[in-house]
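In: Quick one, what's the 3D model for this:
(2 chains)
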Amino acid sequence: MIDISRVQKELQDCEKDRDSSGIRVCPKSDNLTRLTGTIPGPIGTPYEGGTFQIDITIPEGYPFEPPKMQFSTKVWHPNISSQSGAICLDVLKDQWSPALTLKTALVSVQALLSAPEPKDPQDAVVAEQYMKNYQVFVSTARYWTQTFAKNSSLEDKVKRLVEMGFGDAQVRSAIESSGGDDNVALEKLCSG
Amino acid sequence: MDDYLSGEEEDDYYYTSDQESLEGLDHDQSNLQPLSSSGNTAKVITKESLLAAQREDLRRVMELLTLKEHHARTLLIHHRWDVEKLFAVLVEKGKDYLFSGAGLTLVEDDPTFSPSSPMMMTCDICVEDVATHHMTRMDCGHCFCNNCWAAHFTVKITEGQSKRIRCMAYKCNAICDEDVVRSLVSETQPDLADKFDRFLIESYIEDNKMVKWCPSTPHCGNAIRVEDDELCEVECSCGFQFCFSCSYQAHSPCSCSMWELWRKKCHDESETVNWITVHTKPCPKCFKPVEKNGGCNLVTCICGQSFCWLCGGATGRDHTWSSISGHSCGRYQEDKEKQLERAKRDLYRYMHYHNRYKAHIDSSKLEDRLSDTILEKVSILEKRQLQLRDFSWVTSGLHRLFRSRRVLSYSYPFAFYMFGEELFKDEMSAEEREIKQNLFEDQQQQLEVNVEKLSKFLEEPFDQFADDKVTQIRIQVINLSVAVDTLCKTMYECIDNDLLGSLQLGIHNIAPYRTNGIERASDFISSREAAGEKCQPSNSGWNSEDTSCSPRKRPRKEGIYRNSQTTLLDLNLPADVIERK
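Out: The predicted model follows:
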């Protein structure tokens, strides 16, 4: 029942203005049910400079049911779980409309990064810190951005790990199997 | 025969056997009249009449606002079928506010969009080019292709959101036109369209505080609609009597929350559990509760394990009266003893009230069976050629007995909570509580005495008695019926005004007392239908019926209790008593 043609059109549409929006959606699987969205951290926020990856699952009833979205990049934000990356956002739940698209949903997620709603938290610890100790929150969020969402290309990551003394092919497969996260890849390389 | 009158002197409250008292009944009845005639507004809504009932409210809104039916329904669902409230919003805030609040958007037909001219348009949902005649524009102006609409409706109906399916456009609050939903869904999924219709129709019950499903199990399929007051007790046409506010069995003069507590208490026998915790200790080896029946503090369980009663710890067997060898647990005991005293007292208190409550419930069950034998007696009497020909006093007395027995049994849980500490600990001082309790218990006792007397008279083998003796019994039964009715009424008034009425917390309310017993909901007849035909003799007709038709013709083969309306008798009877004199 998934409307494949609509998803395809959405992907094309997104590709057209990826330079201006910075938002990308790439398929993870051939059947277009699993995708990866990428959004840049909004300027003027602790997330600035980071690139955030979001796992997207297209449900059977799409676009009449909302797509499932979850951060795969670790984020420190009151409405995003610091553990699982689950997002608390109305348009992904009851306010979803079939007229919305993956791109508009990602824009909403991006907007959520700029405008947290600590009163309706997904992560209580972060929300409490946001309300009681805003400065600490900002520096934690910035630190997380630097650590987990730093905008480095694949080649940069490979180079960094190779410099640490691992073999090129080994590094590439480790990065690939850890979803592009060079920190996870490093852990794998060290343990394996 | 004199035996029946022996109680007379000690109980001056309710009767004297002379004729004067019968004359007085006329007066009594006129007092009671407003009570019995107030109401009779509850209606049974069956599957068949549900549509008509709903349509009545729809018509009022449609006529006032010149709307189509589905628009009126959208407004009414939003306002939970409260027509008065809807009209109030209209008057106060205006039509636009009313409409937009309910997600109702009415736009004039857009001439640029005509489905007759074949044109291609892109549907924003599936991003396909679709011929305009395969697209549908909602009242809010948003236009998408029929396939997308149908898919959207399918998801929403399956999710159980039939009553308020919003337009697909982002942030559009408009509710989709039910005709469009129905026609688009039924094309491919007729089952789902039926489901949609059912949800819409049942919204009249689900979203309406004046209508409730009859809580009978197995469910009779009916719903009951009340007119003015949700605080009442009704009888569904299936015979089930329930409290409209809480949907449990009728329980006045207990308030709903008292009844809820009592039900739970009786159910989990919490007092027994309480007693076990206080009086026993689990054996440290087999964990069975062990009760100490005397002796020293070294207790031996049937499993052979010895343990210290004071601390519950396992010990050896060597001990003296005051100590156990190798074991010491000096313990401050006062606390424990207080707890024990308290639990004991609470348990006895509960047992007192529960025993009486149960006794009356049991009696009423026995009396229920008795009604058959009493009816038999009546038919025997009728065959005998007695002076007295009217035996409606028997059935009336029986009704009165059932009703007052019910009141009496529920008055015990009421008293348990009213004068206990659970609910109103800080509401009354100890003296105040005592005065009120005495006042209430006096009334309760008087009611009880009279109910028992009534029961006794009705159980007499009066079918074998001589003429004059039957006449005597008749007078007793009639007088007692009136007395019992008055006592019930007084008790309700006392509860309403002096007991619950004086409390700070206004959360305890009781359904009003009705002389004629719990209101039987009458069949729903839509006002249009009713206007067409002459007013059917519904419940309101039975008073006149009593006097107009000869009591001998009363259908007596039918069970008296759960029958058609013609057997609903005026319990006060005096009208006919006086007529005969």
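
In: Please give me every residue in contact with B:Val44.
Out: Contact partners of B:Val44, counting by C-beta atoms under 8 Å, 6 or more residues apart in numbering or on different chains, are B:Asn222, B:Ala223, B:Ile224, B:Cys236, B:Ser237, B:Ala521, B:Ser522, B:Asp523, B:Phe524. In this view, the C-beta of every residue, glycine as well, is placed from N, C-alpha and C.

In: oh sorry, the question was meant for A:Val162
Out: The contact partners of A:Val162, by C-beta under 8 Å, 6+ apart, come to A:Asp168, A:Val171.

In: Which pLDDT does the model give it?
Out: Turning to A:Val162, the model gives it a pLDDT of 82.

In: can I assume it sits in a helix?
Out: Yes. The assignment for A:Val162, made by DSSP: H, G, I helix; E, B strand; the rest coil, places it in a helix.

In: Setting the sequence-adjacent residues aside, check what's closest to the residue of the stretch 401-550 of chain B found nearest chain A.
Out: Minimum separation of the stretch 401-550 of chain B from chain A (C-beta to the nearest C-beta) falls at B:Ile507, amounting to 31.0 Å. The spatial neighbour of B:Ile507 that comes closest, neighbours along the chain excluded (C-beta to C-beta, 6 or more residues apart in numbering or on different chains), is B:Ser257 at 6.5 Å.

In: which residues of the stretch 451-581 of chain B score low on pLDDT?
Out: Scanning the stretch 451-581 of chain B for pLDDT under 70 picks out B:504-506, B:526-581.

In: follow-up on the earlier one: doesn't the residue nearest to B:Ile507 belong to a helix?
Out: Yes. In this structure, B:Ser257 lies within a helix as judged by three-state DSSP.

In: the helices in chain A, which residues?
Out: In chain A, the helices defined using DSSP state H lie at A:4-16, A:18-21, A:102-114, A:124-132, A:134-148, A:154-163, A:168-177, A:182-191.

In: Quick one: work out the angle between the longest one and helix A:124-132.
Out: Right, the one you point to is helix A:134-148. The directions of helix A:134-148 and helix A:124-132 differ by 130 degrees, with axes from the mean of the first three to the mean of the last three C-alpha atoms, to 10 degrees as the criterion.

In: Can you give the contact residues for helix A:134-148?
Out: The contact list for helix A:134-148 (C-beta under 8 Å, 6+ apart) reads A:41, A:45-50, A:73-77, A:126, A:129-130, A:181, A:183.

In: domains of chain B?
Out: Chain B is divided into the following domains under automatic domain parsing: B:2-37+B:338-520+B:534-580, B:48-208, B:283-319.

In: pLDDT of the last one, averaged?
Out: Confidence for domain B:283-319, expressed as mean pLDDT, is 76.

In: In this model B:Phe99 seems to touch B:Thr74, though I could be wrong.
Out: No. With the criterion set as C-beta atoms under 8 Å, B:Thr74 and B:Phe99 do not qualify as a contacting pair; they are 9.0 Å apart.

In: what about those two, which has more around it?
Out: Each of B:Thr74 and B:Phe99 had its neighbours counted (other C-beta atoms under 10 Å in any protein chain shown), and the higher figure belongs to B:Thr74 (26 against 20).

In: So, low pLDDT: which residues of chain A?
Out: Judged by pLDDT under 70, chain A has its weakly predicted residues at A:1-2, A:151-153, A:180, A:192.

In: All set now, cheers.
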